[in-house]
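[1] give me a model of this one.
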Amino acid sequence: MEKLYQVALTLVEGVGSIMFRQLISHFGSAENVFKSKTDKLLKIPGVGKQIVEGLKENTLLKKAESILNEAEKTQVKIYFSTDKDYPPRLKNLYDAPAILYFKGNGDLNTLRTIGIVGTRQATEYGRKVTEEIIEQLSPLQVCVVSGLAYGIDIAAHKAALDNQLPTIGVMASGLDIMYPAAHKKYAEQMLMSGGVLSENPFGMKPIRNLFIARNRIIAGLSDVTIVVESADKGGALVTADFANNYNREVFAVPGSLANKYASGCHKLIKDNKAIIFTETNDIVEALNWGSETKGTRKKKPEETELDLSQFTQEESQVIATLRTHGEMHIDNLSWQTQIPVNKLASLLLNLEFQGIIKAMAGKKFGLK
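    The predicted structure follows:
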């Protein structure tokens, strides 16, 4: 029953991802939100007449029931931002989608993910670079995330399929409306080990602002966002901005000065919003993926002798994770330990004061 009210709450006009969590946090459940009196609702910051009237809409629960029935019929999983199995990479983001619709057999919590985005007017050079990046990263079993659009996006998905890698297509429409329709066959192939993902309900057609919102999910799901080709303006640059806001790594592939679809990449590099991509090893080193491919990092004698019983459970978890993976970015460490970034920062500072860990440039941490 609660899931019915949760779906209905996401359908209320004016209730975005932040308001969704705020309302549930205040009232304890989505059902309580719907059953609350108007005066109590209006006391919540940001709640106005529009939201109150939306909550009283008689057909809302019927619409939600229809969505749940369609999801069950088409084998679509539904995740809410308040669920424990909601994708960890998104969960701690300030604008994490309130709801996610996912179809496929892929894992939204894979160890390594890369987002590849770029222009719909991809050149042969751009497609080739995309294919080479994915082929060279295939031994790491990365999950490739993109937007199923023409150009660089579909080149990334196809390269992932060719290399038998999982790939997730994030859609700006409902999962029942494939856009562009020409990519339906690739989306169906992706379901085997990856899938398609959207925050939009069935029947929602893609419009401009939904593409922008879609881009934040691509950035949020990815450990690193790679912009292959882009003009001065475009969705790929928006995705890069989101990734920077989330403190994720961003790379941009340089191109010919004569190619207008390289100018956006050059601008990202010039403005220090992206690292210049010269070879795939750049990405491996930036995310410390190299040590993971060689198995467990060799422990130093002092690490082996460290008695974890003297630390709290969460401190022990941080130490154990750094022992296994070596130096890590704070966002990756948060994901691995499932400790929110703001709380993790405090734990790391405390461990640094104790001389257990060391802080490095680029928000990376490792054992001393």
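
[2] what's the burial count for I177?
    Residues contacting I177 under the criterion other C-beta atoms under 10 Å number 16. For glycine as for every other residue, the C-beta is placed from the backbone atoms N, C-alpha and C.

[3] my guess is it contacts I207, does it?
    No. At 11.4 Å, I177 and I207 do not qualify as touching, with contact defined as C-beta atoms under 8 Å.

[4] from what I can see V238 touches I212, true?
    Yes. Assessed by C-beta under 8 Å, V238 is found in contact with I212 at 5.9 Å.

[5] more neighbours: which of the two?
    Under the criterion of other C-beta under 10 Å, the comparison of V238 against I212 puts V238 first, with 20 against 14.

[6] do you know how far the residue positioned nearest the centre of the chain is from C143?
    In the chain, the C-alpha nearest the mean C-alpha coordinate belongs to L221, at 1.7 Å (C-alpha atoms, centre = their mean). Counting by C-beta to C-beta, to the nearest Å, the gap from L221 to C143 is 8 Å.

[7] need the overlap of contacts for those two.
    113, 168 (C-beta atoms under 8 Å, 6 or more residues apart in numbering).

[8] hmm, A156 is touching E132, no?
    No. With contacts counted by C-beta under 8 Å, A156 stays clear of E132, the gap being 11.5 Å.

[9] so which of those two has more stuff around it?
    With neighbours defined as other C-beta under 10 Å, A156 and E132 compare such that A156 has more, 30 against 13.

[10] who are the packing partners of the helix or strand where the more buried one lies?
    In this assignment (DSSP states H and E), A156 forms part of helix 152-162. Contacts defined by 3 or more C-beta pairs under 8 Å, 6 or more residues apart in numbering; DSSP states H and E place helix 152-162 against strand 113-117, helix 124-137, strand 143-146, strand 167-170, helix 184-190.

[11] between these, which gets nearest to T278?
    helix 124-137 (11.1 Å; C-beta to C-beta).

[12] for that closest one, name the packing helices and strands.
    strand 113-117, helix 152-162, helix 280-286.

[13] now that helix: buried residues?
    Within helix 124-137, the residues scored as buried using 16 or more other C-beta atoms under 10 Å are 125-127, 129-131, 133-134, 137.

[14] pick the most deeply packed of the helices and strands packed on helix 124-137.
    Most buried of the helices and strands packed on helix 124-137 by mean neighbour count (mean count of other C-beta atoms under 10 Å) is strand 113-117; its value is a mean of 29.
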